[in-house]
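**Q** Give the three-dimensional model of this entry:
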Amino acid sequence: MPEVPSTRGARSGQTSMREFKVKPAGISFSVPAVPPSGNAYVRHTRTGRHYVTEEAEQFKDLVLAIANSKKLVIRWKRYGVEVSIFLGKKQKGDLDNFAKVTLDSLVYAAIIDSDAKITNLRMLKARDIANPRTVISVWAE
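**A** Model prediction:
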């Protein structure tokens, strides 16, 4: 199991880590960005048209580029996903609002074939002023 951030006893900008049980083999990668909030994911025009914001498209394209460079593609009946979000200075957001964009980016990048197959979702949020990022792990459930 990946390490889970703990800020207890750490100085500002530092993250100490602790380990949990090992999960089934899968993939893990780091995205050097924080996903936009779900509230800033889709916008609506006055005519009722829906569109994905530029910020969300950029995050999805970044995940796609990483997936293509590392050949990250897995196919299982069910997935477990862990998303660790490390916020930078003055960044904020509700943990649940980061999930939609992150999971949709996994499908967009063809890392998984459907986010409906995710049966185990773990979300973590911590602060790392020096290195804001999103660490994503996917495994067979």
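**Q** what comes up buried for the host helix or strand of Ser28?
**A** Ser28 is part of strand 26-31 when elements are defined by DSSP states H and E. Using 16 or more other Cβ atoms under 10 Å as the test for burial, strand 26-31 gives 26-27, 29, 31. In this view, the C-beta of every residue, glycine as well, is placed from N, C-alpha and C.
**Q** Identify, by residue count, the longest helix of this protein.
**A** helix 54-70 (DSSP state H).
**Q** Can you dump the C-alpha atoms of it in CSV for me?
**A** C-alpha atoms of helix 54-70 as CSV (Å, rounded to 0.1, in the frame of the first residue of the first chain):
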residue,chain,number,x,y,z
GLU,A,54,-9.5,24.9,-19.8
GLU,A,55,-8.0,24.1,-16.4
ALA,A,56,-9.6,20.7,-16.4
GLU,A,57,-8.6,20.0,-20.0
GLN,A,58,-5.0,20.8,-19.1
PHE,A,59,-5.0,18.4,-16.2
LYS,A,60,-6.5,15.6,-18.3
ASP,A,61,-3.9,16.3,-21.0
LEU,A,62,-1.1,16.1,-18.5
VAL,A,63,-2.3,12.7,-17.2
LEU,A,64,-2.6,11.6,-20.9
ALA,A,65,1.0,12.6,-21.6
ILE,A,66,2.3,10.8,-18.5
ALA,A,67,0.3,7.7,-19.4
ASN,A,68,1.6,7.7,-23.0
SER,A,69,5.2,8.2,-21.9
LYS,A,70,5.0,5.3,-19.4
